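>>> following is a predicted model, sequence given first.
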Amino acid sequence: MRDLARSFGSVHAVREASFDALAGRVTALIGPNGSGKTTLMLMLASLLKPDAGQVLISGIDPTVDPVGVRARMGWMPDALGSWSVLTVRSALETTGRLYRMDRAHASARASELLDLVGLRELADRPTRVLSRGQKQKLSLARALVHDPEVLLLDEPASGLDPVARLDLQHLVRQLAGDGKTVLVSSHVLAELDEIADTAVYLEDGVTASVDRIAQARRSARLWRIKAAEREPLRRLLLLRGDGPVTDDRGDLLVPVAGEAAAADLLRALVGADISISSFAPAVGDLEHTLLDLNRTADRA
Amino acid sequence: MTDFLSGAGVVFSLEMRQRVRGVAWYVMLGVFFALILLVTAILTIVSNVATSGRTDTSSAGGGAFSVIIYFVLLLGTLVAPALSGNTINGDRDSGTLATMQVTLVSNWQIVMGKFLAAWVTALAFLVAALPFLVFTIVEGVRPLTVVVSVLVLALELGVVSAIGVGLSGLITRPLFSIVVTYLVVAALSVGTLIGFGLGGLLSQSPTTTRVYSSSSVDEDGTAIECTFQGVQHGTTPRFDRVWWLLAANPYVLLADAVPADPTTDYPSDLFGSITYSERSVQLAPKLNSTRNDCDLSSYSDASTTYQHTLATTTPGWLVGLIVQLVLAAAAILGAGLRLRTPAGRLPAGSRIA
């Protein structure tokens, strides 16, 4: 995907987005609300024509051959629409039929998917009685009906309970393991941290450059340290002078510049005979990068 | 072709399951049936009272019971917009349109599947009305009239369904597209009459009439001598230029499509009278005429009799059907083009998914 742009009237939803998502990997698409994630997804899903730039899905341009792209791409929209009077099973069968499967094949595939996403017990209930999380599962199953090479998941985990979220993470990792290209968008960074191999940062319709991301990753971030006795720890940290030490829910937060510095700090603390019970970054990798990108953007 | 049909068929069956199972649909069908039952019952009672004491009931029945067919047309064209006017934008609102668009069905398969489903759903109302239409045969309406009426009713429901589905694709908001579909039905049913009247009056042609009248009469009033009185100048409305508007009216179209009884000198029922009027206005008025008050036979004109007019004028139903089919095709075409993906321009305030 190269130099993609799309505007709606005077609103430039996506201005300059470029990235590659590789087969067998989970790529996270990260950005705050309104940053153009869904617009980008719609262009990738062959529903929206870019004003400029080019999309290639499995080497095919959706503006040239939308049918070719659709046969290889599964899209899970952020909006949860379902055919309300159909049962879960017949919704999946109908989707299969829309992908030109014959009746028997569609029915067999629907059964597989019911097990895969864990909707077996609800198979014969109408889709309108499903909860939000169950609809998310149905939506994911629908995107998988024709066993696509490329999966576009727009906010797949919103509304899922922790167990379902773990199931989803497991499933997405498994799909990538099967060699599929998976692009997951979200603004909930913790969930992406756990499944994504690489990340694309989108802000105001522009993807952040690799350099800026690398720089942001290197910048100082807060580490959370938990010790049996807090005051000796605080004294030591202040003595080292890495930066302001703050209290947070019984732990101490201190900025540390990079992994090497963190290792040094931990060695020093252990050397000073302070009993550390927890020593970890206070924010996830993705969140840290995103926040730092935002900060530098604000300064610029 | 079979690929196209099977894709459209999936959309069709999905649409049928989504719509027909609604409770509202059955309620509407019930109300529809009850209303026609009521009108038929009242007509039967009234015509029995009117014809009691007469042995020949057939002509009275034929006249009155064509009203039932019109009533079915009225209710059908009132129901069809509600069934079709939100098929596409309603799906967009509930978030199910885009999930269909990313599959391998094309925009044309979606539109055709939805149109056929809307039509079949509307035809169910015609089926509900069939017992009453058949009943009119018992009351003296010619079977051919009923058969042709049913065919025209089915076509009219198709035209309204096509316009409804088309507008639901072209207009973003479901409520608005349903209302506009009703306005189109109103324009066809009432607007064509107004347009015909105003159009005829707007385009007037000058006329000259040479007038002769009696200058002297004998005792019993018969003219002895006729003299030229002069030339009267006037204008006449040219309804013959706008008659096609009238033909596009569903009620006129239905009346005109029903074959006239070739054995009668005068229209035998409501449809015949309407057809006669519509066919007569196709004839251009005589711009240069002579009026002879002495010769009363000059008033009657063999070229304007019922059978002669029918034989010499254009079949209005054909013209009306072409006008309506063009409208329906344009609506379907517009919706199909709007559903093309990847989408280029989007109308303001709309979302894809």
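Good, I have the coordinates.
>>> just give me the neighbour total for the residue nearest to residue A:275 when sequence neighbours are not counted.
Distances taken as C-beta to C-beta, 6 or more residues apart in numbering or on different chains place residue A:228 nearest to residue A:275, at 4.4 Å, with adjacent residues excluded. The way it works is simple: take the backbone N, C-alpha and C, and place the C-beta from them, glycine included. Neighbourhood size, residue A:228 [other C-beta atoms under 10 Å in any protein chain shown]: 10.
>>> just the pLDDT for residue A:228.
In this model, residue A:228 is scored at 79, pLDDT.
>>> so it makes contact with residue A:273?
No - with contact defined as C-beta atoms under 8 Å, residue A:228 does not count as touching residue A:273 (11.1 Å).
>>> show me the beta-bridge partners of the residue of the stretch 151-300 of chain A found nearest chain B.
Closest approach between the stretch 151-300 of chain A and chain B, counting by C-beta to the nearest C-beta: residue A:154, at 8.7 Å. Here residue A:154 sits in beta bridges with residue A:185, going by DSSP bridges.
>>> now do the same contact list for it.
Contacts here follow C-beta atoms under 8 Å, 6 or more residues apart in numbering or on different chains; on that basis residue A:154 touches A:37, A:38, A:41, A:75, A:76, A:77, A:78, A:185.
>>> among those, which ones are in helices?
Among the contacts of residue A:154, the ones falling in helices (DSSP state H) are A:37, A:38, A:41.
>>> residue boundaries of the helices in the stretch 201-350 of chain B?
Residue ranges of the helices in the stretch 201-350 of chain B, as given by DSSP state H, counting those that start in this stretch, are B:243-247, B:250-257, B:270-280, B:306-312, B:316-338.
>>> closest to residue B:199 out of these?
helix B:243-247 (6.3 Å; C-beta to C-beta).
>>> could you name the helices and strands sitting against the closest one?
If you count contacts as 3 or more C-beta pairs under 8 Å, 6 or more residues apart in numbering or on different chains; DSSP states H and E, helix B:243-247 packs onto helix B:192-202, helix B:250-257, helix B:270-280, helix B:316-338.
>>> please name the nearest non-neighbouring residue to the residue in the stretch 101-250 of chain B that chain A sits nearest to.
The minimum distance from the stretch 101-250 of chain B to chain A, using C-beta to the nearest C-beta, falls at residue B:103 (3.8 Å). With sequence-adjacent residues excluded and distances taken as C-beta to C-beta, 6+ apart, residue B:103 is closest to residue A:98, at 3.8 Å.
>>> just give me the neighbour total for the one you found.
Using other C-beta under 10 Å, residue A:98 is surrounded by 26 other residues.
>>> same deal with residue B:270?
Other residues near residue B:270 come to 19 when the count uses other C-beta under 10 Å.
>>> and it, what pLDDT?
86.
>>> next, the contact list for the closest residue to it other than its chain neighbours, please.
Nearest non-adjacent residue to residue B:270, counting by C-beta to C-beta, 6+ apart: residue B:66, 4.2 Å away. Residues near residue B:66 by C-beta under 8 Å, 6+ apart: B:136, B:141, B:145, B:269, B:270, B:271.
>>> the residue nearest in space to the middle of chain B and residue B:70, how far apart?
In chain B, the residue lying closest to the centroid (C-alpha atoms, centre = their mean) is residue B:250, at 0.3 Å. With distances taken as C-beta to C-beta, to the nearest Å, residue B:250 is found 10 Å from residue B:70.
>>> also residue B:12?
Counting by C-beta to C-beta - residue B:12 and residue B:70 are separated by 30 Å.
>>> surely residue B:259 and residue B:148 touch.
Yes - contact criterion C-beta under 8 Å: residue B:259 and residue B:148 qualify, at 6.7 Å.
>>> and the two? Which one has more around it.
Counted by other C-beta under 10 Å, residue B:259 and residue B:148 do not tie: residue B:148 has more neighbours, with 18 against 14.
>>> double-check that that one belongs to a helix.
Yes - secondary structure of residue B:148 (DSSP: H, G, I helix; E, B strand; the rest coil): part of a helix.
>>> pretty sure it sits against residue B:255.
No - counting by C-beta under 8 Å, residue B:148 sits too far from residue B:255 to count as a contact (10.3 Å).
>>> need phi/psi at the residue of the stretch 101-250 of chain B closest to chain A.
The phi/psi pair for residue B:103 (degrees, to the nearest 10) reads phi -80, psi -170.
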